[in-house]
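Undergrad: Would you be able to build a 3D model of this:
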Amino acid sequence: MFTRSELEIKTIPELRDLCRRYGIKPTGSAAYKVSYITSLMAFPQLALQQVREGRGLKSPGFSIIQFFEGVIDEINSPTDEQAALIKITLEGRRMAYPDRFDQENLLNLHKAKMHLEMAVGLLSHIKYG
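TA: Numbering: from 1, shown residues only. Okay, the predicted model is just below:
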């Protein structure tokens, strides 16, 4: 992350801008460089410590991932005709109303399934406890 030497050569306004950029508050008085430097050097380790303690952003339990896998199974897979309609919809072709509503719903269901599959894939690579 940041080294002390790279931060010490910066001015207070530059350090203040770095803290604002990352949403970090200076430790102590904002009138001193050391307040910014301390915060900028410490936040990466503090963030990881908070993850390890289960505070803030945390991994869902295995049962939650299984639940999402069940949702994916419940959505099922498109038929050949549905897959073709999804493809032509992605190419920008739209049906006339009222069928367009069902066409959009089919596309949204497909997108939702794809996002759920990506989420489960990402979450399954996270180590637990």
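Undergrad: which one in this structure is furthest away from the centre?
TA: Here the chain reaches farthest from its C-alpha mean at residue 96, the gap being 36.1 Å by C-alpha atoms, centre = their mean.
Undergrad: Which helix or which strand is home to that residue?
TA: Residue 96 belongs to no helix or strand when assigned by DSSP states H and E.
Undergrad: Off-centre distance for the host helix or strand of residue 85?
TA: Assigned by DSSP H and E, residue 85 belongs to helix 80-90. A distance of 29 Å separates the centroid of the chain from that of helix 80-90, by C-alpha atoms, centre = their mean, to the nearest Å.
Undergrad: Just list what that helix packs against, helices and strands only.
TA: Packing partners of helix 80-90 (3 or more C-beta pairs under 8 Å, 6 or more residues apart in numbering; DSSP states H and E): helix 99-123. C-beta here means a position set from N, CA and C on the backbone, and glycine is covered the same way.
Undergrad: Packing partners of the helix it packs on?
TA: Partner elements for helix 99-123 (3+ C-beta pairs under 8 Å, 6+ apart): helix 62-75, helix 80-90.
Undergrad: So which of these is nearest residue 108?
TA: Ranking these by distance to residue 108, with C-beta to C-beta as the measure, places helix 80-90 first at 10.2 Å.
Undergrad: What are the buried residues along the closest one?
TA: The neighbour-count check on helix 80-90 (16 or more other C-beta atoms under 10 Å) flags 85-86, 89 as buried.
Undergrad: Give me the below-cutoff pLDDT ranges for this protein.
TA: Applying pLDDT under 70 to the chain picks out residues 127-129.
Undergrad: So which bits of stretch 98-105 are buried?
TA: The neighbour-count check on stretch 98-105 (16+ other C-beta under 10 Å) flags residue 103 as buried.
Undergrad: let me redo that: stretch 41-60
TA: By 16+ other C-beta under 10 Å, the buried positions in stretch 41-60 come out as residue 43.
Undergrad: Residue 43: which element?
TA: Assigned by DSSP H and E, residue 43 falls within helix 33-52.
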